[in-house]
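**Student:** Turn this into a model:
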Amino acid sequence: MKRFTSFLLVLALLLGGEAFAAGEGVGFIPATGEDAADPFASAEPAASAAPEASPEAAQPASYVPTDVDPASVTYPVECEPEEYIVRAGLFYGSTALASANLQNFDGSGYMFGWYDKDGVFTAVGYTSQERITTFSDRNMYVKDSTYYDSMGPSGATSIGAYHVQTPDSYPTYQAALAAAGAYTSAFPAYINGEWRVRAGSYRSSGAASEAAASLGVPNGTVVGASNTCYTVAVTPTGTIIFEFDNGGDRFGIRPIGSEEPVTWHKGYKWAGGFEYKRNSSGSLVVINVVEIGDYTKGVIPYEIGTNWTEEGTKVGAVCASSYVVFNKNRHSAYGFDVCNTDHCQVYQGLNRATAQSNAYCDAVAGLAMFYDGKICDTVYHSTNGGYTEDAVNVWGVDYPYLKAVPDTYEDLDRAQYGRWSYTYTGEEIARVLNQKNYSIGTVTKAWVEKFTPAGNVYTVSFMDASGKKLSFSKEAARTILTSSSLGKGTRSQRYTISSGTVDIVAGESGTSISASTAQVIGADGSVQGLRNPGEVYVLTASGTDVLRSESTSGVFVVSGTGWGHNVGLSQWGSRGRAEAGWDYVSILEYYYTGAKVMNIQEVLGR
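**Tutor:** Modelled structure (predicted):
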């Protein structure tokens, strides 16, 4: 239930509303893919007590639920969210919209106003129309509910940006709405803290001036084409029903008519409200302003799916919440917290959500991971192949809760890219490196030079016939061989390099033995071939050294397990633990060393 608190003093708002002042983390890896742009024995669970999800907040002294008749409300009215608010960018940059259409799915009508930085919505007007379109105050066309910011098709209706404004201001929205009924084609507007009435719709100021008398507003003022104004029209007809110009404030729309309204926008169903910000060209940046629990409902279907166990889904929801809190203002340049693509985490509203997945998200709404009172960057990956990795060994930054832990619960045969292998020629490797601005001739040797204590790749090296050597460490050791043109690359930090002819090398002197004849003696006295030299250490004249394989045939086989950066939580490992009976708190606190599941509002106070 959403809550509204009426202002006691209208004067404060009339003197000017508060403008919203907007203030990039590592993205998540979906279980079915690390990146859509990419062409390609554990500890027992400890007993745990699940923290409480967001409690039902106490209602203020006076409040208005979202399913109230909006005509009965005294405006302005303030809507205070119950949970932490997320601003998710839906359309921005090159995808910003000339117009933004909304249609009620669950609910009827909308309130108009703005959101402050904490997500509190101030409403200054409303409509009972269920299909509305918002655009910048400029000349538009509409035909068959499609809007055009240039010449529309034959038969399109023109929507002019110029109007005649009446001389009077009004004390309430309802008064302005009633006054508009006395004029031809008139509508209420909220302009710099005042309710006004505007009439007509013309494509030039001259045309509006000429029409003033016929509109019944001979003493009116021609207004329009403001670079800070937003226009709202009925979608099918283009009839203007409201304008908002509060001196540069963003424009907000809050769906109403239901306890938990859901709204269609561009083919997707969204919880929460919408915020529009004009860019320099007049197009609209579209932002979904949504409570964090509802936000996770739009992440889970796309990041892990809706067929996971209850505990596994709860894990995903808490990670999604933690990530978005940690990355607040990641996209502040655009005016929102996170985007809705895999650059942050995939968020596409409620289309794929199920009653079950929503219930699991509700059960952990408002919970996140904290370490020493600070929100955690809950990065995760699809699979790691047996061991996660210290963040410092991948990104060079040491997080106390992102430490390497063994992981034996992953089903690598079911997971996409759980096991993988690609073959390169020396010419191909050279081409990939040169395309990435690293100069080298045809590669004749390739090897993993250094493994981490967890057995993941730390440094990979390449050498050409002239002896030139290039080495790449940490995350670059995973990404350097990835080539979209070749359609192959290293999928994780856990791999080996071999070929038909391989030397097993130890020490700086490069003393080598044949890979085909190398054998090791196990603890039980068994003798077997050496399958993974990178996990074997030997004593050399200069001390302990890890064995490494150097391909000398000019053909290199890169084989590995896992998909992702190996840091933090494994989605498939989490799923396996949940299926084995671990609860969500135990799973999260296993992967994020020393971190605790806590309530966001209790820790952060908001």
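**Student:** Please make it C-alpha for all contacts and neighbour counts, starting now.
**Tutor:** OK.
**Student:** Next, count neighbours for residue 240.
**Tutor:** The tally of other residues near residue 240 (other C-alpha atoms under 10 Å) stands at 24.
**Student:** give me the beta-bridge partners of it?
**Tutor:** Beta-bridge partners recorded for residue 240 (DSSP bridges): residue 233.
**Student:** Quick check: beta-bridge partners of residue 194?
**Tutor:** Here residue 194, judged by DSSP bridges, has bridge partners residue 191.
**Student:** My read is that it contacts residue 169, right?
**Tutor:** Yes. The criterion here is C-alpha atoms under 8 Å, and residue 194 meets it with residue 169 at 6.3 Å.
**Student:** Looking at these two, which one has more neighbours?
**Tutor:** Counted by other C-alpha under 10 Å, residue 194 and residue 169 do not tie: residue 194 has more neighbours, with 21 against 16.
**Student:** Show the backbone phi and psi for residue 378.
**Tutor:** The phi/psi pair for residue 378 (degrees, to the nearest 10) reads phi -80, psi 70.
**Student:** Correct me if wrong: it contacts residue 324.
**Tutor:** No. Judged on C-alpha under 8 Å, residue 378 makes no contact with residue 324 at a distance of 9.3 Å.
**Student:** What ranges does this structure have for its helices?
**Tutor:** Counting by DSSP state H, one finds helices in the chain at the ranges 10-14, 173-180, 205-211, 292-303, 310-326, 355-363, 426-435, 475-479, 571-579, 584-591, 600-604.
**Student:** Would you reformat those helices as TSV and include mean neighbour count?
**Tutor:** Shown next, in TSV, are the helices of the chain (neighbours: other C-alpha atoms under 10 Å):
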stretch	mean neighbour count
helix 10-14	14
helix 173-180	20
helix 205-211	17
helix 292-303	26
helix 310-326	26
helix 355-363	18
helix 426-435	18
helix 475-479	20
helix 571-579	24
helix 584-591	24
helix 600-604	15
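**Student:** Determine which of those helices approaches residue 160 most closely.
**Tutor:** When the helices of the chain are compared by C-alpha to C-alpha, helix 205-211 sits nearest residue 160, at 9.3 Å.
**Student:** which residues sit against that closest one?
**Tutor:** Identification of contacts with helix 205-211 by C-alpha atoms under 8 Å, 6 or more residues apart in numbering yields 162, 163, 164, 200, 201, 202, 222, 223, 224.
**Student:** Recalculate using a threshold of 10 Å.
**Tutor:** 160-164, 199-202, 215, 217-218, 220-225 (C-alpha atoms under 10 Å, 6 or more residues apart in numbering).
**Student:** Spatially nearest residue to residue 320 (excluding sequence neighbours)?
**Tutor:** Spatial nearest neighbour of residue 320, excluding adjacent residues (C-alpha to C-alpha, 6 or more residues apart in numbering): residue 296 at 6.2 Å.
**Student:** Roughly how far does that neighbour sit from residue 85?
**Tutor:** Distance, residue 296 to residue 85, using C-alpha to C-alpha, to the nearest Å: 12 Å.
**Student:** what do you get for residue 587?
**Tutor:** Distance of residue 587 to residue 85, given as C-alpha to C-alpha: 26 Å.
**Student:** among the helices and strands of the protein, which one scores worst on average pLDDT?
**Tutor:** Sorting the helices and strands of the chain by mean pLDDT, DSSP states H and E puts helix 10-14 at the bottom, at a mean of 31.
**Student:** Check the closest residue in space to residue 446 that isn't next to it in sequence and give its pLDDT.
**Tutor:** Nearest residue to residue 446, sequence neighbours excluded (C-alpha to C-alpha, 6+ apart): residue 462, at 4.5 Å. Per-residue pLDDT puts residue 462 at 97.
**Student:** Pull the contacting residues for residue 462.
**Tutor:** 426, 429-430, 433, 440, 442-449, 468-472, 550-551.
**Student:** Can you give me the pLDDT of the residue nearest to residue 136 when sequence neighbours are not counted?
**Tutor:** In space, not counting the residues next to it along the chain, residue 136 is nearest to residue 230; the distance is 4.7 Å by C-alpha to C-alpha, 6+ apart. Model confidence at residue 230, given as pLDDT, is 98.
**Student:** Looks like residue 230 contacts residue 250 (just checking).
**Tutor:** Yes. Counting by C-alpha atoms under 10 Å, residue 230 does reach residue 250; the two are 8.8 Å apart.
**Student:** circling back: which neighbours do residue 194 and residue 169 share?
**Tutor:** With C-alpha under 10 Å, 6+ apart, residue 194 and residue 169 have common neighbours residue 176.
**Student:** how close does the residue nearest to residue 446 get to residue 393?
**Tutor:** Between residue 462 and residue 393 the computed distance is 20 Å (C-alpha to C-alpha).
**Student:** Repeat that for residue 96.
**Tutor:** As judged by C-alpha to C-alpha, residue 96 and residue 393 stand 38 Å apart.
**Student:** burial count for the closest residue in space to residue 390 that isn't next to it in sequence?
**Tutor:** Taking C-alpha to C-alpha, 6+ apart, and ignoring the residues beside it in sequence, residue 390 has residue 403 as its nearest neighbour in space, at 4.3 Å. Using other C-alpha under 10 Å, residue 403 has 19 neighbouring residues.
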